[in-house]
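Sequence and predicted structure are below.
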Amino acid sequence: MEPALVTTTLDTLGEPLSEQELCPDALLAGQEAAFHRDILRLQARRAEFVDVACPACGADDAAPIFSKHTFAYGRCAACATIYMSPRPSEAVMADYYASSENYRYWATHIFPASEDARREKVHRPWLERVIAACAGLRRPRLLEVGAGFGTFAALAAGSGRFEDVTVVEPTPELAAHCAARGLNVILHRIEDVPAGARADVIVSFEVIEHLFEPHRMVDACAAMLQPGGLLVLSCPNGLGFDIAMLGAASLAVDPEHVNLFNPRSLSRLVESCGFEVVSLTTPGRLDVEFVHDAIARGETDVSDPFLRRVLVDEYDRLGWPFQQFLASHGLSSHMWLVARRRAAS
Ligand SMILES: [Zn+2]
């Protein structure tokens, strides 16, 4: 497979980040218990799962790669996307998110406890990246798909850089949080947004990996943008370091993440929906910590003495520089894509 277009990111990686800042340890047990109950509910509906072809390229030639919580994942022979199949039907997914205890726990406990850290260490750097991507657009209208708690959208609205900020959020509890912040809220899934909605830049962070048919979301975004309008997506990179090292033990592999794209396959997906890729970066900051922690917990082992030195023995000295190397060479498990709407041909 030829290498994908990957732009270096070292300048914009920002300061080191730790998972502990995003989800305080004291709340982990409650979150894990809620998530476990969600998974049991999902397992109980296995009869409604459906087989799917590759969500990126449409090929139907995936080799089994691993299973987790009894759910099976394959890797597409054509584009290396890792995806769950069989997967919950669209109706099962909709019920799952509507009744998710995990999401309720995040909304009532983790987001409020970690919002300041998330705003400063995650969302503000994201906003700077989005503003940089919008350099050619004058006071664009921004729309965020899957805005969740609304932290990013509120920050964007407060920046004064956008003509207006609208969020598309189908989960009523989360949409209410967004509305309380004074944001324009469309209480729909992006695929169901009424025709005629318009934006100049659409952003969607950590959403596309959850979707039953991700190309429908990208199609819907294309329909809302004029030629030259921008789409900014972030999601896990299935070829990134912590997924490559940990496989099913990676935190990125969970029953909600049914699509684990990679730089090339995500690019191909958006290109097939009327976009051209402007940049593809992997500005992740957590791969090395995730692998280091998994080794410390005994969930994985690294026998290679050189890698062990970087990830364990001299982690305090080498961990962050190694993370910077991964991030700046397209090797982190977290990726960003900026794409431009092409003129209709
Ligand atoms: Zn594929």
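Thanks, I have the structure now.

What residue in the stretch 201-345 of the chain comes nearest to the ion?
Ser265 (5.8 Å; Cβ to the ion). From N, CA and C alone the C-beta is placed, and that goes for glycine too.

got a list of contacts for the stretch of helix or strand Val270 belongs to?
According to DSSP states H and E, Val270 maps onto helix 263-271. Contact partners of helix 263-271, identified using Cβ atoms under 8 Å, 6 or more residues apart in numbering, comprise 1-6, 54-57, 76, 79-81, 208, 214-215, 218, 231, 233, 235, 237, 239, 261, 277, 280, 282, 330, 335, 337, 339.

Also near the ion: which of those residues, exactly?
54, 56-57, 76, 79, 81 (Cβ under 5 Å from the ion).

now the residues you listed in TSV, with secondary structure?
What follows is those, written out as TSV (DSSP: H, G, I helix; E, B strand; the rest coil):
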residue	secondary structure
Cys54	coil
Ala56	coil
Cys57	coil
Cys76	strand
Cys79	coil
Thr81	coil
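
Tabulate those in TSV, adding columns for distance to Trp320.
Below are the ones next to the ion among the contacts of helix 263-271 laid out as TSV (distance: Cβ to Cβ, whole Å):
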residue	distance to Trp320
Cys54	35
Ala56	32
Cys57	35
Cys76	33
Cys79	32
Thr81	29
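
Flag every buried residue along the helix holding Val270.
263-270 (16 or more other Cβ atoms under 10 Å).

just checking, next helix/strand downstream of that helix?
Helix 263-271 is succeeded, C-terminally, by strand 275-281 (DSSP H and E).

Next secondary structure after the helix or strand of the chain with the lowest mean pLDDT?
Of all the helices and strands that make up the chain, helix 19-22 has the lowest average by mean pLDDT, DSSP states H and E, namely a mean of 74. Remark: after helix 19-22, the chain's next helix or strand is helix 25-43, criterion DSSP H and E.

Now that following helix: buried residues?
Buried residues in helix 25-43, defined by neighbour count with 16+ other Cβ under 10 Å: 31, 34-35, 38-39, 42.

ok, now stretch 135-149?
137, 140-149.

okay, those in a markdown table with secondary structure, pLDDT and distance to Val185 next?
Below are these laid out as a markdown table (DSSP: H, G, I helix; E, B strand; the rest coil; pLDDT from 0 to 100; distance: Cβ to Cβ, whole Å):
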| residue | secondary structure | pLDDT | distance to Val185 |
| --- | --- | --- | --- |
| Leu137 | coil | 92 | 23 |
| Pro140 | coil | 97 | 19 |
| Arg141 | strand | 97 | 15 |
| Leu142 | strand | 98 | 14 |
| Leu143 | strand | 97 | 11 |
| Glu144 | strand | 97 | 10 |
| Val145 | strand | 97 | 12 |
| Gly146 | coil | 94 | 12 |
| Ala147 | coil | 93 | 8 |
| Gly148 | coil | 88 | 12 |
| Phe149 | coil | 88 | 12 |
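
How about the residues of the stretch 1-150 of the chain by the ion?
54, 56-57, 59, 76, 78-79, 81.

so where do the strands sit in the chain?
For the chain, the strands defined by DSSP state E occupy 49-50, 62-68, 71-76, 82-84, 87-88, 141-145, 164-168, 184-186, 199-205, 225-236, 259-260, 275-281, 334-341.

Stretch 260-267: how far from the chain's middle?
Its chain's C-alpha centre and that of stretch 260-267 lie 12 Å apart, by Cα atoms, centre = their mean, to the nearest Å.

count of residues packed around the residue nearest to Thr282 when sequence neighbours are not counted?
Using Cβ to Cβ, 6 or more residues apart in numbering and skipping residues adjacent in sequence, the residue nearest Thr282 is Ser332, 3.9 Å away. Using other Cβ atoms under 10 Å, Ser332 is surrounded by 30 other residues.

and what of the one 10 residues further on?
In terms of burial, Arg342 registers 14 neighbours under the definition other Cβ under 10 Å.

same question, Arg46
Neighbours of Arg46 (other Cβ under 10 Å): 12.

Run through the residues that contact it.
Taking Cβ under 8 Å, 6+ apart as the test, what Arg46 contacts is Thr70.
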